[in-house]
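J.: Task: produce atomic coordinates for the following.
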Amino acid sequence: MKKLLLVITLICIYSAIAAQNTYFPKTLGMRERAAVIDSWLEERVKTVLPDLMKRTGIDMWVIIAREYNEDPVIKTMLPATWQSARRTTILVIYDPGNDQPLETMAMARYGVGKTFKKVWDKESQPDQWKALSQLIQEKNPKKIGINKSATFALADGISSTHYDMLMNVLPTSYQKRVTNAEGLAVGWLETRTQSEMVVYQNIVRIAHQIIAEGFSEKVILPGVTTTDDVVWWYRDRIRELGFTAWFHPSVSIQRKDPESFEHLRAFSDRPEEQVIIPGDLLHVDFGITYLRLNTDTQQHAYILKPGEKEAPAYLTNAFASGNRLQDVFTANFKIGLSGNEVLAKTLKEARAEGLKPTIYTHPIGYHGHAAGPTIGLWDQQGGVPGAGDYLLYPNTAYSIELNNAVFIDEWDKEIRIMLEEDAFFDGETIRYIDGRQKELLLIPRPLAPNE
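T.: Numbers count the residues shown, from 1 in each chain. The predicted structure follows:
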């Protein structure tokens, strides 16, 4: 009974402390979200697409999807009220040249939102594919781009069936104009607009706030709470706030024990449920989706031992080495460099400083692991053929994901400071969208000095 009363008392104390920091940024209702998404889409088609089509030399982009088997690109072009394509949805984007506006058409039974106007009259031409062929011949494009890619899954959306049907209805001379639209598809997916970036900070702030709340005494009672308890709290909290998780969160522990923390353990072989105790170094990997944009964040917390007011110096110093690796890495973002070049340069410089780095950074935006240059994989530190050869372009966002290994004498083992923060690259400088973690979160949070 005494033990039960103690636990209840501790829960009440921790809850009262946590209640001091319950503020969350404003979130929109579903109707407001739809208006923002549609406004962004209209803006992107007018401001992003023309330059991308010129850059890639494609004057007609044909995007084809069947209901519930959507091309990843077409999902980003559907109006907010569409949950999927309908029947066979074909979007045609044509650049007439001479700086004229793009023509955005829907070869479908109805228009696709306000942006893609219906151009198929089934009564005059019952065959949708023949109608598409007639439109293509009428516009007479030089290069017809389709979403086919051996490197980027997100740019490989056309199905084998649809590819065959398209080629079968095109005259031979037009078949020869069909080309891979990989660069156009990736460019569309990776490019962020100014309007998106204004709101993206709010989205990343929300993610940071949820992480901080989960890594607090509001959720964690040392000696009782398990890592799996915290994982499912995150899932429930994300849903409660009206967002979705694009992957299942993970919470892991590093502590003074014989267990190693190699990459396989960190990513897939960690125990699903461990009781959290004082002296633990916690790690979370967490991402939300809101307004079609994604976050991806990894942060650390320390469970204070009785009498401790701050984390031990050996852990704060280890954490600082992770921040230093971030600085070395982001200083190498330059237009025209490939992901592999940025990776190699950073690893060389970081090792010269005595760091023990591993880098596995990826673009973020419409998808969590988004289209664009892959800058290392945890098991491919020598470079990533294909995706790593893609160049860095301006107005793109990245999850700065990496870790630095540090040997802790007090624990007689090597630990990994595993960090991930979302950042925006404008072509000249890179900035963290909502800052980055620079100190370990402490559990419980220390009270004010006079308390």
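
J.: Helices along this protein, start to end?
T.: With DSSP state H, the ranges of helices along the chain come out as 2-18, 30-47, 49-56, 72-75, 128-139, 160-169, 172-175, 182-190, 194-214, 227-240, 263-264, 313-330, 339-352.

J.: most tightly surrounded among these?
T.: Stretch with highest mean neighbour count among the helices of the chain: helix 182-190 (a mean of 24; mean count of other Cβ atoms under 10 Å). Bear in mind the C-beta positions are built from the backbone N, C-alpha and C, glycine included.

J.: starting at the chain centroid, how far to that helix?
T.: 15 Å (Cα atoms, centre = their mean, to the nearest Å).

J.: what residues does it touch?
T.: Residues outside helix 182-190 that contact it (Cβ atoms under 8 Å, 6 or more residues apart in numbering) are 44, 48-49, 52-53, 55-56, 58, 61, 72-73, 76, 145, 147-149, 151-152, 154-155, 157, 363, 365-367, 370-372, 390, 393, 396-397.

J.: Of all the helices of the chain, which one comes closest to R66?
T.: Among the helices of the chain, helix 160-169 comes nearest to R66, with 7.3 Å by Cβ to Cβ.

J.: next one: that closest one to chain centre, how far?
T.: Distance, centroid of helix 160-169 to centroid of chain: 32 Å (Cα atoms, centre = their mean).

J.: Let me see the mean pLDDT of that helix.
T.: Here helix 160-169 scores 97 as its mean pLDDT.

J.: And the residue nearest to A212 when sequence neighbours are not counted, how far from D236?
T.: The shortest distance from A212 to any non-neighbouring residue, by Cβ to Cβ, 6 or more residues apart in numbering, is to L441 (6.3 Å). Distance from L441 to D236, counting by Cβ to Cβ, to the nearest Å: 20 Å.

J.: picking that back up, please produce JSON lines containing the helices of the chain, extended by distance to D95.
T.: Listed next are the helices of the chain as JSON lines, based on distance: least, Cβ to Cβ, whole Å:
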{"stretch": "helix 2-18", "distance to D95": "55"}
{"stretch": "helix 30-47", "distance to D95": "12"}
{"stretch": "helix 49-56", "distance to D95": "5"}
{"stretch": "helix 72-75", "distance to D95": "17"}
{"stretch": "helix 128-139", "distance to D95": "10"}
{"stretch": "helix 160-169", "distance to D95": "19"}
{"stretch": "helix 172-175", "distance to D95": "17"}
{"stretch": "helix 182-190", "distance to D95": "11"}
{"stretch": "helix 194-214", "distance to D95": "23"}
{"stretch": "helix 227-240", "distance to D95": "40"}
{"stretch": "helix 263-264", "distance to D95": "45"}
{"stretch": "helix 313-330", "distance to D95": "35"}
{"stretch": "helix 339-352", "distance to D95": "29"}
